[in-house]
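Undergrad: sequence first, then the predicted structure:
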Amino acid sequence: MLLTCHNLTKSYQLGGERVEVLRGIDLNLSRGDFLAVMGASGSGKSTLLHILGLLATPDGGEYFLNDQNMAVLDDDGRSRLRASAIGFVFQTFNLLPELSVWENVALPFLYRAVASDEAAARVERAVARVGLTKRLRHRPGQLSGGEMQRVAIARALAIEPLLILADEPTGNLDSKTGEGILSLFLELNAAGASIVMVTHDRRVAARVGSIIEMSDGRARAGTV
Ligand SMILES: Nc1ncnc2c1ncn2[C@@H]1O[C@H](COP(=O)(O)OP(=O)(O)O)[C@@H](O)[C@H]1O
Ligand SMILES: [Mg+2]
């Protein structure tokens, strides 16, 4: 298994009230799987993705990534593993507007000890993979939404991650552009990438390996 979760729980304190967002999530992902996460707004999809991506810690339960127990890592260990193993793609792209495409994709290497020649080669490979080699010197503001998301995907790919996590990556795109981004994820998966994608689109979910549906803090196997 690439990833195993058992009985993950998470709650937030909001004012005086405790909101139980995850009430016991079990999840297994093998290398090369493509899992779609569905569920209503507020059902905890992003919270789950943040835990899987080591951006947040669960209150309880177990999370093993690549057979390593995440509970033993401190903040530093989590940051280091995240920087080397996890590629995150967000709905809002999260590119830095003042940096070029090349610089945005190279950002993960600021936090990671990869020799600069190797880093440059990986950046160029990743940008080529998403079809934007001709845009290396452009800034995000000079690109369309779909192109910006391709840059974000290249940034996720550049580290050659163990796991790609995408939180509604087509949510800010028109349906035709979103279709192109989905095709790219499907190609990456066909080439071996392991992907967990939050999406509201049942047509998307229908084309990936498996689906879970979140509700009441739990995940159940979904059907299209
Ligand atoms: N940092 C936070 N502090 C307090 N409440 C939060 C925080 N993050 C999320 N929540 C709450 O947790 C619930 C689930 O949020 P989220 O995981 O973002 O759901 P989804 O991505 O499915 O829309 C929501 O009710 C949200 O308001
Ligand atoms: Mg969300």
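TA: Looks like it came in fine. Numbers count the residues shown, from 1 in each chain. Ligands and ions are numbered 1, 2, ... in the order given.
Undergrad: tell me the phi and psi of R137?
TA: phi -90, psi 0 (degrees, to the nearest 10).
Undergrad: residues near the closest residue to it other than its chain neighbours, how many?
TA: Among residues not flanking R137 along the chain, S100 sits closest, at 5.4 Å (C-beta to C-beta, 6 or more residues apart in numbering). (Glycine included, C-beta is placed from N, CA and C.) Neighbourhood size, S100 [other C-beta atoms under 10 Å]: 17.
Undergrad: lowest-confidence helix or strand of the chain?
TA: helix 202-206 (a mean of 80; mean pLDDT, DSSP states H and E).
Undergrad: which residues does it contact?
TA: With contact meaning C-beta atoms under 8 Å, 6 or more residues apart in numbering, helix 202-206 is reached by 36, 38, 170, 182, 197, 199, 211, 222, 224.
Undergrad: give me the distance between whatever helix or strand comes next after that helix and the centre of its chain.
TA: Going down the chain from helix 202-206, the next helix or strand is strand 210-215, by DSSP states H and E. Counting by C-alpha atoms, centre = their mean, to the nearest Å, strand 210-215 is centred 16 Å from the centre of its parent chain.
Undergrad: give the rounded mean pLDDT of strand 210-215.
TA: Strand 210-215 shows a mean pLDDT of 94.
Undergrad: partners of it in the sheet?
TA: strand 34-39 (parallel), strand 218-221 (antiparallel) (DSSP bridges).
Undergrad: circling back to that earlier point, which one among the contacts of helix 202-206 gets closest to G87?
TA: The shortest approach to G87 among the contacts of helix 202-206 belongs to M197, at 11.9 Å (C-beta to C-beta).
Undergrad: just say helix, strand or coil for that closest one.
TA: Here M197 takes the strand state, with states given by DSSP: H, G, I helix; E, B strand; the rest coil.
Undergrad: tell me the residue of this protein that sits nearest ligand 2?
TA: Of all residues in the chain, S46 sits closest to ligand 2, at 3.1 Å by C-beta to the ion.
Undergrad: check for me that that residue belongs to a helix.
TA: Yes - according to three-state DSSP, the state of S46 is that of a helix.
Undergrad: run through the bridge partners of the closest residue in space to it that isn't next to it in sequence.
TA: Using C-beta to C-beta, 6+ apart and skipping the chain neighbours, the partner closest in space to S46 is D167 (5.6 Å). In this entry, D167 is beta-bridged to F90, V198, by DSSP bridges.
Undergrad: remind me, longest helix of this protein?
TA: Across the chain, the longest stretch assigned as helix under DSSP state H is helix 175-190.
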